[in-house]
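Undergrad: I would like the atomic coordinates for the input below:
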Amino acid sequence: MTQIQHHVYGKSRVRVMKVIRDGKNHSVVDLHVDVSLEGDFARAYTDADNSNVVPTDTMKNTVYVFARRHALDTIEAFALDLGRHFVKTYETVTRARITVSRSPWSPLVSDGDQHAHVQPSVERATCQASVTDAEAVLHSGLSDLVILKTSKSAFSGFPRDEYTTLPESEDRLFGTSVTAQWRYFDPTVDYNAARTDVRTALVSAFAEHDSKSVQHTLHFMGEAALRECRAIDEIKLSMPNRHCLLVDLSPFGLDNPNEVFQPVDEPHGSIEAVLER
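TA: Numbers count the residues shown, from 1 in each chain. Below you'll find the model as predicted:
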């Protein structure tokens, strides 16, 4: 005998792009949307009974319809509206979790017209709405914020054993790709303004900090975000250490005064923490 402890299903990586035209000025909204539903779907697994199963194709089409009808001024409002739709429309859905990420596009201006766009980076704005009949919990975030320090970065004083080869350094490159997720306690917040405040605080803190480790700087950045944006009460930061290794040029009769490096994506250090107000 067996029983299902937990089940969830949905549609992942629904791609939708919307062009918003305001005269000669055009803007592009480029989204990845994941829909995940929880509810009374156990019989589909145990009895081949699909009577309660919302087709994932329906979820995909719902995303497209809502994208057409929605202003898409914030991805948070879009995610909340989608989640509320699934919970309200289907009695068997007890929770809808909507995850949205937005890729940036910047307009190219030609003869005063914004009719072409360029994607300047891999950074994405993100959010996740978890909606039930009783409540809606919203997190916003960002991912793939690639940043690099060329000064004020060190790592020393760590334990050594027979397997340690890493030299101590008081002047090293520090590169990372930040993933952040923060929780709102104020439901009336201006999501776009809050995102700007958090991102500005993170980047400024990273640039200003006299770093003794990734952990040291991560904590400083989280404190700065909570201090700058009073609408959030928790932030999670994940900051892999994207190593840049000093190249040994001595075989070629050259010195290397911290100028030539080899970027190494794998393996990398993995550092994360959650800070609460």
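
Undergrad: the helices in the stretch 101-250 of the chain, which residues?
TA: 191-208, 214-228 (DSSP state H, counting those that start in this stretch).

Undergrad: so which of the ones you listed gets nearest Gly141?
TA: Distances from Gly141 to each of these were compared using Cβ to Cβ; the minimum, 8.7 Å, belongs to helix 191-208. Where you see a C-beta, it was placed from the backbone N, CA and C, and this is true even at glycine.

Undergrad: which helices and strands sit right next to the closest one?
TA: Contact here means 3 or more Cβ pairs under 8 Å, 6 or more residues apart in numbering; DSSP states H and E; on that basis helix 191-208 packs against helix 75-89, strand 136-149, strand 174-184, helix 214-228, strand 232-238.

Undergrad: what number of residues lie near Ala42?
TA: 13 (other Cβ atoms under 10 Å).

Undergrad: just the one 10 residues further on next, same as before
TA: Summarising burial for Asn52: neighbours were counted as other Cβ under 10 Å, giving 15.

Undergrad: and what of Ser270?
TA: A count of nearby residues for Ser270, using other Cβ under 10 Å, gives 10.

Undergrad: contact partners for it?
TA: Taking Cβ atoms under 8 Å, 6 or more residues apart in numbering as the contact definition, Ser270 lies against 238, 240-241.

Undergrad: looking at the residues you listed, which is nearest Phe206?
TA: Within these, the smallest distance to Phe206 is 13.0 Å, found for Asn241 (Cβ to Cβ).

Undergrad: re the thing from before, pipe the helices of the stretch 101-250 of the chain into CSV and attach mean pLDDT and distance to Phe261 per row.
TA: Below are the helices of the stretch 101-250 of the chain laid out as CSV (pLDDT from 0 to 100; distance: least, Cβ to Cβ, whole Å):
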stretch, mean pLDDT, distance to Phe261
helix 191-208, 96, 19
helix 214-228, 97, 17
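
Undergrad: of those, which approaches Glu266 most closely?
TA: Among the helices of the stretch 101-250 of the chain, if distance is taken as Cβ to Cβ, the winner is helix 214-228, at 16.5 Å.

Undergrad: so the closest one versus helix 191-208, what angle?
TA: Going by axes from the mean of the first three to the mean of the last three Cα atoms, to 10 degrees, helix 214-228 is angled at 140 degrees with respect to helix 191-208.

Undergrad: from the contact counts, what lies against helix 214-228?
TA: In terms of contacts (3+ Cβ pairs under 8 Å, 6+ apart), helix 214-228 is packed against strand 174-184, helix 191-208, strand 232-238, strand 272-276.

Undergrad: sorry, back to before: narrow the contacts of Ser270 to those that are buried.
TA: Neighbour counting with 16 or more other Cβ atoms under 10 Å marks 238, 240-241 as buried within the contacts of Ser270.

Undergrad: what residues are up against Gln262?
TA: Going by Cβ under 8 Å, 6+ apart, Gln262 touches 244-245, 247.

Undergrad: and those as CSV, adding pLDDT and distance to Ser101?
TA: CSV is the format used below for these (pLDDT from 0 to 100; distance: Cβ to Cβ, whole Å):
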residue, pLDDT, distance to Ser101
Cys244, 87, 27
Leu245, 85, 31
Val247, 91, 35
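
Undergrad: any quick ChimeraX command for the buried ones out of those residues?
TA: Applying 16+ other Cβ under 10 Å to the contacts of Gln262, the buried members can be selected in ChimeraX as follows:
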select :244
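
Undergrad: many thanks, I have nothing further to ask.
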